[in-house]
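Colleague: have a look; sequence and predicted model below, questions after that.
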Amino acid sequence: MAMKKNYILFFFLLISYFSYSANWLVGPTRTYTLPSQVSGLVNNGDTVSIDAGIYNSDVAHWTANNLLLRGVGGLAHLKANGLSWGGKAIWVIGGSNTKVEWIEFSLCACPSENGAGIRQEGLNLTVSHCYFHDNENGILAGTLNPSKIIIEYTEFSTNGFGDGYTHNLYINNIDTLVFRYNYTHHCNIGHEIKSRAHVNYIMYNRISNEATGNASREIDLPNGGTSYVIGNVIEQGPNSTNSGIVGYGLEGLVNPNPQEFYFVNNTVVNDRTTGTFVALPSSGLSLYKSYNNIFAGPGTTLSGAAIVIDSSNNIRTSSIATMGFVNASTYNYHLTAGSIAINAGTNPGIANSGFPLTADKEYFHPIDWVTRTTTGAIDIGAFEFAPPVFVNELSDLKNEFQYWMHDGTITCATSLSSVVIYIYDMTGRMVLSQKVGQGISLIDF
């Protein structure tokens, strides 16, 4: 009988535990039609599921811990229309361990000209599959410790007030930033990424200013610390307001030691007439390790100093056209068969912390990644060369369709009125589909 009582007690404890976490439903047809209506009702551990759609002029403050705030059925678009909560952001997150997924943040402004999509005031944040655009800051995170911020599969575009002090992403002196598989571009005069975190992992992203952008630096890590910048596509556009592309420790090495900067297997392209690819402080940096990078375009490769500069198997060319990119004018920096970067890299080893430096992924546009498949020596830059594989949808009509590949161009010839060409990479991921008509067609790949 005593055993039965214990079972009953355990059963009721389970009911109590699981009923504690609620899922709040928000949407035009729900009881709660705006996220702000539930922001003061949620408890620790709850989920808020927001139906896809536009939520105009709605801002909120979240204070509970361990929340999951997510869009459902697509992006839930928080269109602030110039409003902010507390003069800070569309969402001010005061709780810890928050996860934000599938939310679009736009048009936040405030009197201080510092309005953000998210203002992070709690410990630990994960942002995934979101979109931040046309705010005065994308994400603005305060100095909080111990705290880790993970941002992945997310796009940042055209954030920034235009004063040079607001950015697509601005992380203050937290413990760790992990920024991976993202696309950050066209910041309004500010930086595409600015992070004062003690440790930064900036890996497998596309960070670019492009033809019409007026951003400042692409990456700015002003307070040093330990930073790993691996496998990124980094491009400075012709209208950039700062000739520097990547900066480390330029506002003082105030972060905790070790002061080490690892820059590995990045493709860095300067479309400006002048510039500095990597700028280091004049003193105080213990180690700058630069392996397997492409530095293409005009300018100075490196400025500043480090106690140890370990540089190997980088390619420096002032002529972008000679690098063997598929199509630099469309920012496609995959390698063609004749590129000098193929099999020209070397094993970068491991960092002093034990972190492996070998690039094992590639950025896949937009906001995704694929496995990097290396045959022979690793290629230099963010991408491993892989010849495309073709699949013809009309496989039973192969006699009426032919193709040839040479130097990154596919020549197609068909007698059919239309054929759809599918192109896959070595991982089996489809990277392009295109319809071609009767006659001869050219496809740049």
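Modeller: Yep, it's here. The structure presented is a predicted model; accordingly, all values stated were derived computationally and were not measured. Numbers count the residues shown, from 1 in each chain.
Colleague: from here on, contacts and neighbour counts on C-alpha atoms
Modeller: Fine.
Colleague: what residue is smack in the middle of the chain?
Modeller: For the chain, the residue lying nearest the average C-alpha position, counting by CA atoms, centre = their mean, turns out to be Asn182 (1.8 Å).
Colleague: do you know how far it is from His129?
Modeller: Using CA to CA, to the nearest Å, we find Asn182 at a distance of 9 Å from His129.
Colleague: quick one: the residue nearest to the centre of the chain and Ile150 touch, right?
Modeller: No: judged on CA atoms under 8 Å, Asn182 makes no contact with Ile150 at a distance of 11.1 Å.
Colleague: need the residues touching each of the two.
Modeller: By CA atoms under 8 Å, 6 or more residues apart in numbering, Asn182 and Ile150 have no common neighbours.
Colleague: how about the residue nearest to the centre of the chain, what does it touch?
Modeller: Here Asn182 is in contact with 151-155, 204-206, 366-368 (CA under 8 Å, 6+ apart).
Colleague: name the nearest of those relative to Asn81.
Modeller: Closest approach to Asn81 among these (CA to CA): Glu155, at 19.6 Å.
Colleague: list the buried ones in stretch 349-365?
Modeller: 357-359, 361-364 (16 or more other CA atoms under 10 Å).
Colleague: can you pick out the most distant pair from these?
Modeller: Leu357 and Phe364 (19.5 Å).
Colleague: ramachandran coordinates for the residue nearest to the centre of the chain?
Modeller: Main-chain torsions, Asn182, degrees, to the nearest 10: phi -110, psi 160.
Colleague: next one: it from Leu442, what distance?
Modeller: In terms of CA to CA, Asn182 sits 30 Å off from Leu442.
Colleague: then Ile245?
Modeller: The value you get for Ile245 to Leu442, if CA to CA is used, is 34 Å.
Colleague: thinking again about what came up before, just the ones in strands from the buried residues of stretch 349-365, please.
Modeller: If you go by DSSP state E, those have 361-364 in strands.
Colleague: one step back: looking at Ile245 and Leu442, which one has more neighbours?
Modeller: More neighbours surround Ile245 than the other of Ile245 and Leu442, with 25 against 14 (other CA atoms under 10 Å).
Colleague: ok so that one is a helix residue?
Modeller: No: assigned with DSSP: H, G, I helix; E, B strand; the rest coil, Ile245 falls outside any helix and is strand.
Colleague: which stretches of the stretch 101-250 of the chain have low pLDDT?
Modeller: Counting by pLDDT under 70, the stretch 101-250 of the chain shows no low-confidence range.
Colleague: re earlier: please enumerate the shared neighbours of Asn182 and His129.
Modeller: Joint contacts of Asn182 and His129 (CA under 8 Å, 6+ apart) are 152-155.
Colleague: format the residues you listed as CSV; extra columns: neighbour count and distance to Asn168.
Modeller: What follows is those, written out as CSV (neighbours: other CA atoms under 10 Å; distance: CA to CA, whole Å):
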residue, neighbour count, distance to Asn168
Glu152, 22, 14
Tyr153, 21, 15
Thr154, 25, 11
Glu155, 23, 9
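Colleague: now, among these, which is nearest to Gly82?
Modeller: The closest of these, once distances to Gly82 are taken by CA to CA, is Glu155, at 20.4 Å.
Colleague: that closest one contacts Thr184, correct?
Modeller: Yes: with contact defined as CA under 8 Å, Glu155 and Thr184 form a contacting pair (5.7 Å).
Colleague: closest to Gly299 out of the shared contacts of Asn182 and His129?
Modeller: Glu155 (28.3 Å).
Colleague: please parse the chain into its domains.
Modeller: The chain breaks down by automatic domain parsing into domains covering 20-371, 389-444.
Colleague: residues touching Leu25, list them.
Modeller: Contacts of Leu25 by CA under 8 Å, 6+ apart are 31-32, 48-51.
Colleague: please repeat the previous calculation with a cut-off of 6 Å.
Modeller: Contacts of Leu25 were listed using CA atoms under 6 Å, 6 or more residues apart in numbering, and they are Ser49.
Colleague: who does it form a beta bridge with?
Modeller: Under DSSP bridges, the beta-bridge partners of Leu25 are Ser49.
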